[in-house]
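Peer 1: turn this into a model:
(3 chains)
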Amino acid sequence: MTYTRGMRSITVQEIVALPGMQAAEDVVATERAFSRLSGFDEAMGEAIVFAQDEASLVKALESKAGLVLAPLRAETEDVRVLRVKHPKLAFALISEWFDQFEEVRIHAAAHIDPAAKLGVGVSVGAGAVIEAGAVVGDGCIIASNVTIYGCVTLGARCLIQAGAVLGAMGFGYVRASSGRYTRFPQRGTLVIEDDVEIGANTTIDRGALGETRIGSGTKIDNLVHIGHNCNVGRNVVIASQVGISGSCVIEDGAVLAGQVGLGDHARIGPGVILGGASGVFPHKRVEGPGQMFMGVPAEPVKDYLKTIAKVRRLK
Amino acid sequence: MTYTRGMRSITVQEIVALPGMQAAEDVVATERAFSRLSGFDEAMGEAIVFAQDEASLVKALESKAGLVLAPLRAETEDVRVLRVKHPKLAFALISEWFDQFEEVRIHAAAHIDPAAKLGVGVSVGAGAVIEAGAVVGDGCIIASNVTIYGCVTLGARCLIQAGAVLGAMGFGYVRASSGRYTRFPQRGTLVIEDDVEIGANTTIDRGALGETRIGSGTKIDNLVHIGHNCNVGRNVVIASQVGISGSCVIEDGAVLAGQVGLGDHARIGPGVILGGASGVFPHKRVEGPGQMFMGVPAEPVKDYLKTIAKVRRLK
Amino acid sequence: MTYTRGMRSITVQEIVALPGMQAAEDVVATERAFSRLSGFDEAMGEAIVFAQDEASLVKALESKAGLVLAPLRAETEDVRVLRVKHPKLAFALISEWFDQFEEVRIHAAAHIDPAAKLGVGVSVGAGAVIEAGAVVGDGCIIASNVTIYGCVTLGARCLIQAGAVLGAMGFGYVRASSGRYTRFPQRGTLVIEDDVEIGANTTIDRGALGETRIGSGTKIDNLVHIGHNCNVGRNVVIASQVGISGSCVIEDGAVLAGQVGLGDHARIGPGVILGGASGVFPHKRVEGPGQMFMGVPAEPVKDYLKTIAKVRRLK
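Peer 2: Here you go, the predicted model:
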């Protein structure tokens, strides 16, 4: 999946009309088109940049960018400025617009079983494997060397980055008195809903008997592990190297920072924020929309910081 | 490696005769055959379910399952019940029986060097690479996109899930006074004994000079790292994202929960249980069969929980 | 990339003349050549071993090795001894000499886009993918099933082990008030300088707008994650399962032990040593050349050990 850049261009009129864009009425009067999203330093005339606050607006206006997305309250006469409600979101929406012109291609060296079902507009990279029985929804991008086992169903517009493994057998064994382990059946499924994005070398296991499910709009970073029979809600954010044991429930809008660990059957309430490397014990519950928790076991961030301070003051 | 389901069926007579099965004498009188292992909710007449205790037995009997594996002490007249000593193990043993009918296949897009040796009944998925010199024992399943370097010997009946990397060079360098690092020779081997199972995207490095060894029956989850020259015993369980530095020794029957970290040359005694995200410092030893340890550095779980309680009570 | 062994041999004269080798003048008088680097136990006459101290020298001399690299101060009359300033480094330099005779080969099952640029003497393993636009410097070794996205530039003599993913899109999203996330543009580059080594299944993301950069001579272990826009200096050592969030700066010569976690925009000063599983909060700085830090958040190791002791003494 090579990312082509700067091949297309977008006009201010097109920007203002993008779904989700909230621009001021006093739109910059320009017919000019822009072909690139850029940081300040490397911006040239064809580039769009964005400024979130006064300090970054100064830098943006000093740059050579042809279009500057600025907050509604921005005080400047610079004709390159387009005022929008949320400049960073506007910048991302323009990027999304560019994305639609990316090449759709199934690489000749992709290994797609004839008994797998692919939707329309699906891209598959070299070395990616899609096994018999798998279903891949419309507009998905499956990068190079991804593995999708036959028990997986992917919704529309999912992005699966290189090396991710979807639907491997979960980690469940039964110990005999001899000490020998027999694998518990790992015969379930993995359902990934629409608009889910999954990072490089992440692994998500199928259900043992039932299903593992990842809700629509959820974003998962690299090297994350999600065990069998987990139920992850919608618009959840899971950063790199998070480890989620089997049968956990993570409700809508939760945010898990890097290296968080959840014991099996843990339950994370809607909108909860777990700080980096925090942990939740098996079968425990963490609740509180918009509240941040840290430490092992996770406690409210305020308490956590007090605990750290007290401990380091000990004599 | 697509997992076919429900193609075969097993009778009660066959179940009772399985090696390791310990069934009551009053066997259900049925010639009926069952083709599926199932949870309660989705169970239909061809399905087998299991119940470990009274509460789950009630649910099992309410389900439409055709056969219910129940504990020896179960009090019920339901003709669908087969009493066994260990219902969950019985369920797993039946799953193992079904496994033998899985298709054995070397995918046309597997990359197996002519100078690699494969046993009989080996399956290899698309995109898997087995390099010159590697030895793969009878009945192994090598999933898609696995990499097996030439220095690796696999025993019989190993399961290697997608994306795992076996036998990469270890992480050892010598620092010159200039600050430049030169790689220490990584010319050893990796020996994996019989019945080892290795999860998706896990990495196990070859020995630097000697060998890295994984003992028979050991089960390893996804995204685990095992460094060069480690010696892992038999029937060890290593959960997801555990990191084991070079030259560690883990003795038979130990259990390492998710995200555990071991410094180099750490030694874990037989049957020790390390709780999630616990850590052992380099060259340290943890001993105590059946005892659980937690925290960093790992301490007995009782002490660990007391420590947590005391710390959070501090003023 | 199978590692051939023992095919070439090296004489004492050649050893003494290696760049970086600091040998005593009283060189062993031998024309004999050695073809293998070995540990003590398996050493035969064609093998070279090394001893760092008196205890290991005794073992080395008891072995059947044909050549023993020993410290300058070693007191022995054994004619197999070659005294060098730094025996372990000498051993590694000999290994590096052997490496030059490894076969250079682009596997027929490597997937290299015609629009990728490869230098001379590059090896590429089966299933490795190098996408359009990628640049791979002279003498690089790209192992099996590696993925190199088109936005990546690799310097000379880099070693990329199996399953590593270089240049995937970073993890950055903008949240709309609806709760929906839109991907922030991930259109930057990944620059890896000369002599960098990267472990199996490690992931390093491209910059969002600018670049991610890994400095020359830096060594990275397996299953490490490095986020978008990080700037890692020269001769940095990063052990297994370290997680580095976006926009971190790690200066020259720093050492990060296994499972370290850095929040976004953290800054690690030159020569700093972070102990296993330690953590640095977002936007924080850790400074002190040669100083070791541990814990979360990381504190000087002395303080850390005191803290642990105090906590466990609490009543």
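Peer 1: so which bits of the stretch 201-315 of chain A are right by chain C?
Peer 2: Within the stretch 201-315 of chain A, the positions adjacent to chain C are A:201, A:217, A:219, A:221-223, A:234-235, A:237, A:239-241, A:252-253, A:257-259, A:276-277, A:308, A:311-312, A:314-315 by Cβ under 8 Å from any Cβ of the partner chain. Using the backbone N, CA and C atoms, a C-beta is placed for each residue, glycine as well.
Peer 1: and those, which are buried?
Peer 2: In those, burial by neighbour count holds for A:201, A:217, A:219, A:221-223, A:234-235, A:237, A:239-241, A:252-253, A:257-259, A:276-277, A:308, A:311-312, counting by 16 or more other Cβ atoms under 10 Å in any protein chain shown.
Peer 1: just the residues you listed that are near chain B?
Peer 2: Okay, of those touching chain B (Cβ under 8 Å from any Cβ), that's A:Asn201, A:Leu223, A:Gln241, A:Gln259, A:Val311.
Peer 1: so of these, which ones are in helices?
Peer 2: Counting by DSSP state H, those place A:Val311 in helices.
Peer 1: could the ones next to chain B among the buried ones among the residues of the stretch 201-315 of chain A next to chain C be laid out in JSON lines, adding distance to B:Ala17 and pLDDT?
Peer 2: Output for those, formatted as JSON lines (distance: Cβ to Cβ, whole Å; pLDDT from 0 to 100):
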{"residue": "A:Asn201", "distance to B:Ala17": "43", "pLDDT": "98"}
{"residue": "A:Leu223", "distance to B:Ala17": "44", "pLDDT": "98"}
{"residue": "A:Gln241", "distance to B:Ala17": "46", "pLDDT": "98"}
{"residue": "A:Gln259", "distance to B:Ala17": "48", "pLDDT": "98"}
{"residue": "A:Val311", "distance to B:Ala17": "60", "pLDDT": "91"}
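Peer 1: host element of A:Ala92?
Peer 2: helix A:87-99 (DSSP states H and E).
Peer 1: can I get the CA coordinates of that helix in CSV?
Peer 2: What follows is helix A:87-99 as a C-alpha-only set of coordinates in CSV (Å, rounded to 0.1, in the frame of the first residue of the first chain):
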residue,chain,number,x,y,z
PRO,A,87,-8.8,23.3,12.5
LYS,A,88,-7.2,20.0,13.3
LEU,A,89,-10.3,18.0,12.5
ALA,A,90,-10.7,20.1,9.3
PHE,A,91,-7.1,19.1,8.4
ALA,A,92,-7.9,15.4,9.0
LEU,A,93,-11.2,15.6,7.0
ILE,A,94,-9.2,17.0,4.0
SER,A,95,-6.8,14.1,4.4
GLU,A,96,-9.7,11.7,4.3
TRP,A,97,-10.9,13.4,1.1
PHE,A,98,-7.4,12.8,-0.5
ASP,A,99,-7.6,9.2,0.7
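Peer 1: that one and chain C in contact?
Peer 2: Yes: Helix A:87-99 is in contact with chain C by Cβ under 8 Å from any Cβ, via A:Lys88, A:Leu89, A:Phe91, A:Ala92, A:Leu93, A:Ser95, A:Glu96, A:Phe98.
Peer 1: domains for chain A, by residue range?
Peer 2: Chain A breaks down by automatic domain parsing into domains covering A:10-99, A:111-305.
Peer 1: most tightly packed of those domains?
Peer 2: Of all the domains of chain A, domain A:111-305 has the most neighbours on average by mean count of other Cβ atoms under 10 Å in any protein chain shown, namely a mean of 23.
Peer 1: start to end distance for that domain?
Peer 2: 50 Å (Cα to Cα, to the nearest Å).
Peer 1: what ranges does the stretch 51-200 of chain A have for its helices?
Peer 2: Counting by DSSP state H, counting those that start in this stretch, the stretch 51-200 of chain A has helices at residues A:54-62, A:87-99.
Peer 1: switch the ones you listed over to a markdown table; also include mean pLDDT.
Peer 2: Listed next are those as a markdown table, based on pLDDT from 0 to 100:
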| stretch | mean pLDDT |
| --- | --- |
| helix A:54-62 | 97 |
| helix A:87-99 | 96 |
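Peer 1: nearest to C:Val174, out of the ones you listed?
Peer 2: C:Val174 sits nearest to helix A:87-99 of all the helices of the stretch 51-200 of chain A, at 4.4 Å, using Cβ to Cβ.
Peer 1: angle of that closest one against helix A:54-62?
Peer 2: 50 degrees (axes from the mean of the first three to the mean of the last three Cα atoms, to 10 degrees).
Peer 1: which of the helices of the stretch 51-200 of chain A sits closest to chain B?
Peer 2: Of all the helices of the stretch 51-200 of chain A, helix A:87-99 sits nearest to chain B, with 26.1 Å by Cβ to the nearest Cβ.
Peer 1: doesn't A:Gly261 make contact with A:Gln241?
Peer 2: No: the pair A:Gln241 and A:Gly261 does not pass the contact test of Cβ atoms under 8 Å, sitting 9.3 Å apart.
Peer 1: so what's A:Pro297 closest to, chain neighbours aside?
Peer 2: Using Cβ to Cβ, 6 or more residues apart in numbering or on different chains and skipping residues adjacent in sequence, the residue nearest A:Pro297 is A:Phe281, 5.2 Å away.
Peer 1: I'd say the one you found and A:Arg267 touch.
Peer 2: No: A:Phe281 lies out of contact with A:Arg267 (Cβ under 8 Å); the separation is 11.2 Å.
Peer 1: give me the beta-bridge partners of the residue most central in space within chain A?
Peer 2: By Cα atoms, centre = their mean, chain A has its centre lying nearest to A:Lys219, at 2.4 Å. Bridge pairing for A:Lys219 (DSSP bridges) gives the partners A:Glu197, A:Val237.
Peer 1: A:Arg183 too?
Peer 2: Under the criterion used here (DSSP bridges), A:Arg183 is bridged to A:Tyr173.
Peer 1: tell me the confidence at it?
Peer 2: On the pLDDT scale, A:Arg183 is placed at 97.
Peer 1: how much space separates it from A:Val165?
Peer 2: 18 Å (Cβ to Cβ, to the nearest Å).
Peer 1: got a list of what A:Pro297 touches?
Peer 2: The neighbours of A:Pro297, taking Cβ atoms under 8 Å, 6 or more residues apart in numbering or on different chains as the test, are A:Gly279, A:Val280, A:Phe281, A:Lys284, B:Ile308.
Peer 1: can you lay out these as TSV showing pLDDT and secondary structure?
Peer 2: Listed next are these as TSV, based on pLDDT from 0 to 100; DSSP: H, G, I helix; E, B strand; the rest coil:
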residue	pLDDT	secondary structure
A:Gly279	98	strand
A:Val280	98	strand
A:Phe281	98	coil
A:Lys284	98	coil
B:Ile308	93	helix
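Peer 1: and those as TSV, adding distance to C:Leu18?
Peer 2: Listed next are the contacts of A:Pro297 as TSV, based on distance: Cβ to Cβ, whole Å:
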residue	distance to C:Leu18
A:Gly279	48
A:Val280	53
A:Phe281	54
A:Lys284	58
B:Ile308	54
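Peer 1: for these, which one is nearest B:Ala65?
Peer 2: The closest of the contacts of A:Pro297, once distances to B:Ala65 are taken by Cβ to Cβ, is A:Lys284, at 31.4 Å.
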